[in-house]
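Asker: Give me coordinates for this.
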Amino acid sequence: MTLTFLLLSLTVFCMLKNTRALSQISKEHLNKRLVGHEIYEIRVNGRHDCIRKCFFLPMCKSTDYNGHDHMCKLNDVDSTSVDITEFEDKQGAVFSDITEWPMATAGACGHRPCSEEQQRCLPHKNTYRCADTEKEPDCKEIKRKYPFAKDGVYAVQLWLSHQVKSVYCDMTTDGGGWTVFQYRFNGSVNFTRNFESYTNGFGSLDGEFWLGLKTIQEMASRGLTVMRVDLTADDNTAVFALHNYFHLDKGPAFTLHIDEATGTADINTGRGMPYHNGYPFSTFDADRDDHDTVNCAAKNLGGWWFKSCAQVNLNGEYVTPGTVRPTIGEAGMVYKPFRGMESLKISKLMFRMI
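Answerer: Alright, predicted model coming up:
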């Protein structure tokens, strides 16, 4: 009887201790919400449900819960890694670091046993299992599922081959959801490559890269796709061209199909990317251009959909921005409707489903 009483007293003491701790958390972060750093935001059944969902996801470090509308925001940072200025006043909101909560809140998943960030812990009775989160087919679907997703590298599963592929997603420009397939900004990667390299891709998704014709073709074939070209000159003037139709034929030709552009980069019909419409992709070892006597890819030092030869050569040699490449100006990183033969500072090519 005495032992039972002692055990009951200890249990009550622990419960009260946890309750006081949770009460302190609420007071400290009451009516405060972290701005940005969202993984995603969902409606939940209460604050404890919000906390459990954070425990289940290894990448989650903190939560924002609003008792007025029961919305739960999962964050990928905790309060120790952000500045106080990143918090906003929000009536009904409560911010919590996940470390402030007892692990027992999430049962068997409280110890966060799933080590991979793209896995999710699924509790089952007194045990758990780690499951891979379902991978989306492109950046547009990731943005739709996780509206607060940030720019960065994500794993997608291609819709036909079912291959899992890492891609860089621009989640900021014009509503986000763009899959970036070319990015150049400092000349650190050599783009004078053979056809195999352009087919499979090269470079680093954390730096300069070409995604690969095979991947671009498959991802853009899933449905109606738009393409965007973002360019920056040496004086930091930035322009863009938006094409409401973008498609590549299957390899080995990977023929380009694209319409006229809107935006600020193209000012004359038939110039820019539309000049290359209907032409296959060429490299120095796969000459498929329309020129009778010149290998345009060898001349222009990069792979492209050359006609005879180019209005646009964004895979050309990266030379000092604002200068014209000696001997053959067209062999620089150029977009003639914007700055003529002057080499550009930044080029980014990307697409997304309509």
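Asker: contacting residues for the nearest residue to residue 250 once chain neighbours are set aside?
Answerer: For residue 250, ignoring the flanking residues on the chain, the nearest one in space by CB to CB, 6 or more residues apart in numbering is residue 217 at 6.1 Å. Every C-beta, even on glycine, is put in place using the N, C-alpha and C of the backbone. Counting by CB atoms under 8 Å, 6 or more residues apart in numbering, residue 217 touches 248, 249, 250, 251, 254.
Asker: and residue 217, what element?
Answerer: If you go by DSSP states H and E, residue 217 is part of helix 213-220.
Asker: helices or strands next to the next helix or strand after that helix in the packing?
Answerer: Elements were assigned by DSSP H and E; along the chain past helix 213-220, the next helix or strand is strand 225-232. Under the contact definition 3 or more CB pairs under 8 Å, 6 or more residues apart in numbering; DSSP states H and E, strand 225-232 sits against strand 238-243, strand 246-248, strand 346-353.
Asker: Against which helices or strands is the second one packed?
Answerer: Packed against strand 246-248 by the contact rule (3+ CB pairs under 8 Å, 6+ apart) you find helix 213-220, strand 225-232, strand 256-258.
Asker: Relative to residue 78, tell me which of the helices and strands packed on strand 225-232 wins on proximity.
Answerer: Nearest of the helices and strands packed on strand 225-232 to residue 78, taken as CB to CB: strand 346-353 at 31.7 Å.
Asker: so what strands line up beside that closest one?
Answerer: strand 178-184 (antiparallel), strand 225-232 (antiparallel) (DSSP bridges).
Asker: Could you dump these into a markdown table and include distance to residue 285, mean pLDDT and mean neighbour count?
Answerer: Formatted as a markdown table, those follow (distance: least, CB to CB, whole Å; pLDDT from 0 to 100; neighbours: other CB atoms under 10 Å):
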| stretch | distance to residue 285 | mean pLDDT | mean neighbour count |
| --- | --- | --- | --- |
| strand 178-184 | 20 | 98 | 23 |
| strand 225-232 | 26 | 98 | 22 |
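Asker: Quick check: which of these is nearest to residue 300?
Answerer: strand 178-184 (14.6 Å).
Asker: Torsion angles phi and psi at residue 316?
Answerer: Main-chain dihedrals, residue 316, degrees, to the nearest 10: phi -70, psi -180.
Asker: Just give me the neighbour total for it.
Answerer: Counted by other CB atoms under 10 Å, the residues lying close to residue 316 total 29.
Asker: Contact partners for it?
Answerer: Taking CB under 8 Å, 6+ apart as the criterion, residue 316 is in contact with 191, 300, 301, 302, 304, 325, 330, 331, 332, 333, 334, 343.
Asker: How about residue 262?
Answerer: Residues in contact with residue 262 (CB under 8 Å, 6+ apart) are 241, 242, 244.
Asker: Could you verify my assumption that the first one touches residue 273?
Answerer: Going back to what we said before, that points to residue 241. Yes: in this structure, residue 241 is within contact of residue 273 by CB atoms under 8 Å, at 6.7 Å.
Asker: The helix holding residue 217 to strand 178-184, inter-axis angle?
Answerer: 150 degrees (axes from the mean of the first three to the mean of the last three CA atoms, to 10 degrees).
Asker: Inside strands: which ones of the contacts of residue 316?
Answerer: residue 334 (DSSP state E).
Asker: ok, the contacts of residue 316 vs residue 53, which is closest?
Answerer: residue 191 (43.5 Å).
Asker: Need the pLDDT of that closest one.
Answerer: pLDDT recorded at residue 191 is 98.
Asker: Quick check: phi and psi on it?
Answerer: phi -100, psi 10.
Asker: you'd agree it is up against residue 303?
Answerer: Yes: in this structure residue 191 lies within contact range of residue 303 using CB under 8 Å: 7.4 Å.
Asker: Tell me the residues that contact both of these two, please.
Answerer: residue 315.
Asker: how about low-confidence regions in the stretch 51-200 of the chain?
Answerer: For the stretch 51-200 of the chain, the stretches with pLDDT under 70 are 117-118.
Asker: the strands in it, which residues?
Answerer: 62-66, 71-75, 87-97, 119-124, 127-132, 152-157, 164-170, 178-184 (DSSP state E, counting those that start in this stretch).
Asker: Quick one: closest of those to residue 263.
Answerer: So among the strands of the stretch 51-200 of the chain, strand 178-184 is nearest, using CB to CB, at 14.2 Å.
Asker: Output that closest one in CSV, but only the C-alpha positions, please.
Answerer: Provided in CSV are the C-alpha atoms of strand 178-184 (Å, rounded to 0.1, in the frame of the first residue of the first chain):
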residue,chain,number,x,y,z
TRP,A,178,10.6,26.2,-61.0
THR,A,179,13.0,23.4,-61.8
VAL,A,180,16.3,25.0,-62.7
PHE,A,181,18.2,23.2,-65.6
GLN,A,182,21.1,25.6,-66.1
TYR,A,183,22.7,28.1,-63.8
ARG,A,184,25.9,30.0,-64.4
